[in-house]
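Chemist: my questions concern the predicted model and sequence given below.
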Amino acid sequence: MPEQEEDLQQIEKKWQKKWEEMGLFKTGFNKDGEKCYVLSMYPYPSGVLHMGHVINYTIGDVIVRYKLLNGFDVLTPMGWDSFGLPAENAAIRTGQHPHDFTEKNIATMTRQMTRAGWGFDWDREVATSHNDYYRWNQWFFLKFYEKGLAEKKTAPVNWCESCMTVLANEQVKDGTCERCGSAVIQKDMSQWFFKMSQYSQRLLDGHDKLRGNWPESVIAMQEEWIGRSEGAKVVFKVKETGDELPIFTTRPDTIFGVTFMSLAPEHPLIEKLIADSPDKEKIMAEVKAMRASGTSAKDLADKEKVGVFTGCHVINPVNGKEAQLWVANFALMSYGTGAVMAVPAHDQRDFEFARKYDIPIKIVIQPEGETLNPDEMTEAYTAPGIMINSAQFDGKVNTESMSDIITWIADSGFGEGTINYRLRDWLISRQRYWGTPIPVIYCPDCGTVPVPESDLPVLLPTDVVFKGDGNPLETSESFVNCTCPKCGAAAKRETDTMDTFVDSSWYFLRFCDPKNTNAPFDKELLNKLMPVDQYIGGIEHATMHLIYARFFTMVLNDLGLIDFDEPFKRLFCQGMVCKTAYRCDNCKWLYIDDVEFENEEAKSKTGGTVGKCKKCGKDGVSAEMTKISKTKLNIVDPDKMFDRVGTDAVRLYMLSDAPPDRMQVWSESGLNGAWRTISRLRLTVDEWLESGNLSGESTVAASTLDQQNNDLLRKTHQCIKAVTEAIEGGFHFNTAIARCNELLNLLRQLMGAKSDIDGRVARVVIETILRILCPIIPHLSEDMWEKLGHNKSIFTSGWPEADEELAKESTIEIPVQINGKVKARINIAPDADIKSMQNIALADSRIKELTDGQNIFKVIAVPGKMVNLVVKG
């Protein structure tokens, strides 16, 4: 901690206690103000804050305090996304129950968040693992089920035989289970889904309300995720079995050039197609290998495209031609129909696959005036061209014939024009304990029976065994065995729990009414508080949480539970916090203490080689700028930083170098610089108070001031104007910090020069800086504000307002050119007319010297911009 008389922690505790006593962060503090719901994405209680939390919640807190200063009635809640696999894994490792593990972590992180000074209304705290929250997950499930939006169906999943559980795509690493390292297989399982695909177009249409208030990059990512495609559905037939095989294509203009078809490795027809094949075992082994390697678009982007021939063929309905039927790892069950027509002459991926496996290539589009030879092609032809080998469409331009081709396909009975979406139904089933039990009972006589609302919540049992394999819920006989609510017969409970994204799809609604025991929320209260005015979180949530939450809100709107259909009016995505990490090719990632730097300069390098590894003695340790993470051994402990320089210095540093939506680079020197900035401000306050010259007045008339003090007052109002525009225009807090530093530097320069600074102006300058910076450095701003004689919180003082007249420059500097080259600069009034500008320019001593004896042929003046003299010798 910096050397100082006061204990920073005591200052922080003092003001945090006062904010709590005055109810600063509770709705109603500015009871007459406009509603403003500011929400930072709630965290998973991992047990320790990381720097991602620090930047996210600091941004949120600064916005909250800025809105309070501007008179808004702010809602600023916090809670915990407390269900999830980490707690269950901890139970397997240590025997500690997930509830105990989670509650301990919540207590630790609550302490850390309070220490950081982030202003939350803790009376609204929710934890999704508490039954007073998850009972409403179950209630929503029943409402979705009644509306036909929840169904159980069979779908392929990533399955670990060792752990006996389903894995999400991100838990599969190179075909193996992230937890145990065992091979992962694709397995068909009956699971619960929410029918999100029915809302695909509505989710896209909703973007119209969000544009301008959400980052365009997030909207683009969602559009890609939803994946709207216009094209045709065409039905091929398998020659050997007669099975229909529908495909979806966005390129009906190439359908006459199909030479093979690709099936997704999970396609349900595969086993039937190869049932009588002498190569059945070999084919199935390759199919299983493709299934195990991962089949998401992300997994396949950089992988080699591989496949296996089924021995079967399909008949192309448009021309009756046969085409080979393959299983390929690039065909996805999650897109279209799981079968993809392949036209290698006009698709690069198909071209490479065809060359690899010696599949024929047929040209159906070629450049006007040219003739393509398939044997000589080195890549697919994908540009527009003239159709050939395409029956009645020969000679037509392919891009102009799409609709005609689709109409002909439909009229001929081969298929139909259609719109396809990449977005699939939301798989909510998880074969785990630590989640919301799905409220369904299976009766041998009545079938699937939803749990009656009166029996909610279905509680998680405590008599479970955490072995590391299978679903722990299945070990609880008291949970599994029940009676049918319809007929009273012996029955079994559903043992799947819900995806934790269900929890986070409505938590922002519960914050509005967290104590309600009769309903998830009161509709009239929600109509007053929702939607969220400002949502803050990482862009990594663009295509899952943010889509799920939008879908959930739309369904609740359709159910009549709420009167709005978009949950977040504005979205801000903070940048990552990065730091230099060090890597040895032999020892992998290193702590900085394990590096023997080649010189002092190498310690500050963010790329290239920097020295030798102390662990193995090898040269060539490299440095790279990367996201702060445990795996890269470049972690920063927020608590240690708070202890060393105080929370305000950490907050100031995090926001000072770049706009908060950009990458933030962590450095010790930058943190120390932030502390020096705060120390300089505190010193300035102390020096003025000790001088006895600081006026008690916080307003001053410019007409009573000399030129120097007028200039200082003008700079102050210019600072207010610039800072307000920067914050309102994108939360550019770095600009606020920079402009305040400039103003403080100017004040200290005048102080150092023993200038006669009016005590009233000095107070205006200092208090303006404090009022601007108090959202960023709240504790020490409050402390200085109190020293200046104020007995009320600085957050009751309001945001400073710029006086447009006082902010105007009395003079501006413009260049004077001679024959187009700048030779001097002059000061003029901002509204000076052309004649005045010419006269001032001609009277300038430098211009007189340069034009002495010359013929000034013409004087050109552009008001407020420049003067140019055309001179002839």
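Modeler: Cool, the structure landed. Residues are numbered from 1 along each chain as shown.
Chemist: quick one: Leu788 and Val765 touch, right?
Modeler: No. In this structure, Leu788 is not within contact of Val765 by Cβ atoms under 8 Å, at 11.9 Å. (Glycine included, C-beta is placed from N, CA and C.)
Chemist: near Val765, how many other residues are there?
Modeler: When neighbours are defined as other Cβ atoms under 10 Å, Val765 has 24 of them.
Chemist: check the gap between it and Phe330 for me.
Modeler: 65 Å (Cβ to Cβ, to the nearest Å).
Chemist: repeat for Lys18
Modeler: When Lys18 is compared with Phe330 (using Cβ to Cβ), they lie 62 Å apart.
Chemist: give me the more crowded residue out of these two.
Modeler: Phe330 (22 against 13).
Chemist: enumerate every residue touching that one.
Modeler: Phe330 makes contacts with 262, 300, 305, 340, 349, 353, as judged by Cβ atoms under 8 Å, 6 or more residues apart in numbering.
Chemist: then stretch 196-203 to PDB, C-alphas only?
Modeler: The C-alpha coordinates for stretch 196-203 follow below in PDB (Å, rounded to 0.1, in the frame of the first residue of the first chain):
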ATOM      1  CA  MET A 196     -36.800 -22.000 -30.100                       C
ATOM      2  CA  SER A 197     -36.600 -22.600 -33.800                       C
ATOM      3  CA  GLN A 198     -40.200 -21.400 -34.100                       C
ATOM      4  CA  TYR A 199     -39.000 -17.900 -33.100                       C
ATOM      5  CA  SER A 200     -36.100 -17.700 -35.600                       C
ATOM      6  CA  GLN A 201     -37.600 -15.000 -37.800                       C
ATOM      7  CA  ARG A 202     -39.000 -13.100 -34.800                       C
ATOM      8  CA  LEU A 203     -35.600 -13.000 -33.300                       C
END
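Chemist: who touches the residue nearest in space to the middle of the chain in this structure?
Modeler: With distances taken as Cα atoms, centre = their mean, the residue of the chain nearest its centroid is Ile539 (1.4 Å). Neighbouring residues of Ile539 by Cβ under 8 Å, 6+ apart: 215, 217-218, 221, 573.
Chemist: quick one: which of those sit in strands?
Modeler: Cys573 (DSSP state E).
Chemist: now which of the contacts of Ile539 would you call buried?
Modeler: 218, 221, 573 (16 or more other Cβ atoms under 10 Å).
Chemist: grab the nearest non-local neighbour of the last one.
Modeler: Yep, that's Cys573 we're talking about. Nearest non-adjacent residue to Cys573, counting by Cβ to Cβ, 6 or more residues apart in numbering: Ile539, 4.1 Å away.
Chemist: next, work out how far apart the one you found and Glu805 are.
Modeler: From Ile539 to Glu805 the distance is 42 Å (Cβ to Cβ).
Chemist: swap in Asp243?
Modeler: In terms of Cβ to Cβ, Asp243 sits 81 Å off from Glu805.
Chemist: of these two, which one has the most company?
Modeler: Each of Asp243 and Glu805 has its neighbours counted (other Cβ under 10 Å); Asp243 has more, 14 against 9.
Chemist: so the more buried one touches Leu269, yeah?
Modeler: Yes. In terms of Cβ under 8 Å, Asp243 counts as a neighbour of Leu269; the distance is 6.1 Å.
Chemist: okay, and the common contacts of those two?
Modeler: With Cβ under 8 Å, 6+ apart, Asp243 and Leu269 have no common neighbours.
Chemist: now do the phi/psi pair for the closest residue to His790 other than its chain neighbours.
Modeler: With Cβ to Cβ, 6+ apart as the criterion, His790 has its nearest non-adjacent residue at 7.5 Å, and that residue is Ser797. Dihedral angles of Ser797 (phi, psi; degrees, to the nearest 10) stand at phi -80, psi -20.
Chemist: dump the residue contacts of Ser797.
Modeler: Here Ser797 is in contact with 69, 767, 771, 785, 790 (Cβ under 8 Å, 6+ apart).
Chemist: for it, give its distance to Val761.
Modeler: Taking Cβ to Cβ, one finds Ser797 at 18 Å from Val761.
Chemist: what's the answer for Asn741, then?
Modeler: If you go by Cβ to Cβ, the gap between Asn741 and Val761 works out to 18 Å.
Chemist: and these two? which has more neighbours close in?
Modeler: For Asn741 versus Val761, the count of surrounding residues by other Cβ under 10 Å is larger for Val761: 24 against 17.
Chemist: tell me which element the more buried one falls in.
Modeler: Val761 is located in helix 759-773, with elements delineated by DSSP states H and E.
Chemist: off-centre distance for that helix?
Modeler: 37 Å (Cα atoms, centre = their mean, to the nearest Å).
Chemist: could I have that helix exported to CSV, CA atoms only?
Modeler: Provided in CSV are the C-alpha atoms of helix 759-773 (Å, rounded to 0.1, in the frame of the first residue of the first chain):
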residue,chain,number,x,y,z
GLY,A,759,-10.2,31.4,-4.8
ARG,A,760,-13.7,31.1,-6.3
VAL,A,761,-12.3,29.8,-9.6
ALA,A,762,-10.0,27.4,-7.8
ARG,A,763,-13.0,26.0,-6.0
VAL,A,764,-15.0,25.7,-9.2
VAL,A,765,-12.1,23.9,-10.9
ILE,A,766,-11.5,21.4,-8.0
GLU,A,767,-15.1,20.6,-7.4
THR,A,768,-15.8,20.2,-11.1
ILE,A,769,-12.9,17.6,-11.3
LEU,A,770,-14.3,15.8,-8.3
ARG,A,771,-17.9,15.7,-9.6
ILE,A,772,-16.7,14.4,-12.9
LEU,A,773,-14.3,11.8,-11.4
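Chemist: mind listing residues that contact it?
Modeler: Helix 759-773 has contacts (Cβ under 8 Å, 6+ apart) with 69, 652, 681, 684-685, 688, 693-700, 705, 709, 712-713, 716, 719-720, 723, 736-737, 739-740, 743-744, 747, 781, 784-785, 788, 794, 797-800.
Chemist: what's the lengthiest helix in the chain packed up against?
Modeler: Scanning the chain for the helix with the most residues, using DSSP state H, yields helix 668-691. If you count contacts as 3 or more Cβ pairs under 8 Å, 6 or more residues apart in numbering; DSSP states H and E, helix 668-691 packs onto helix 638-645, helix 647-656, helix 733-752, helix 759-773, helix 778-787.
Chemist: which of the ones you listed has the highest mean neighbour count?
Modeler: helix 647-656 (a mean of 25; mean count of other Cβ atoms under 10 Å).
Chemist: after that one, next one along is what?
Modeler: strand 664-665.
Chemist: Thr532 contacts Lys35, doesn't it?
Modeler: I think there's a mix-up here, since residue 532 is Val and not Thr. No. The pair Val532 / Lys35 is not scored as a contact, 10.8 Å apart, by Cβ under 8 Å.
Chemist: the two - which one has more neighbours?
Modeler: Val532 (23 against 14).
Chemist: what's the pLDDT at the more buried one?
Modeler: pLDDT for Val532: 98.
Chemist: ditto for Thr811
Modeler: Value for Thr811, per-residue pLDDT: 78.
Chemist: cool, Glu5 as well?
Modeler: 42.
Chemist: i'd like the first residue to be 644 from this point on
Modeler: Sure, I'll start numbering at 644, so the last one becomes Glu648.
Chemist: confirm Ile1084 sits in a strand?
Modeler: Yes. Under DSSP: H, G, I helix; E, B strand; the rest coil, Ile1084 sits within a strand.
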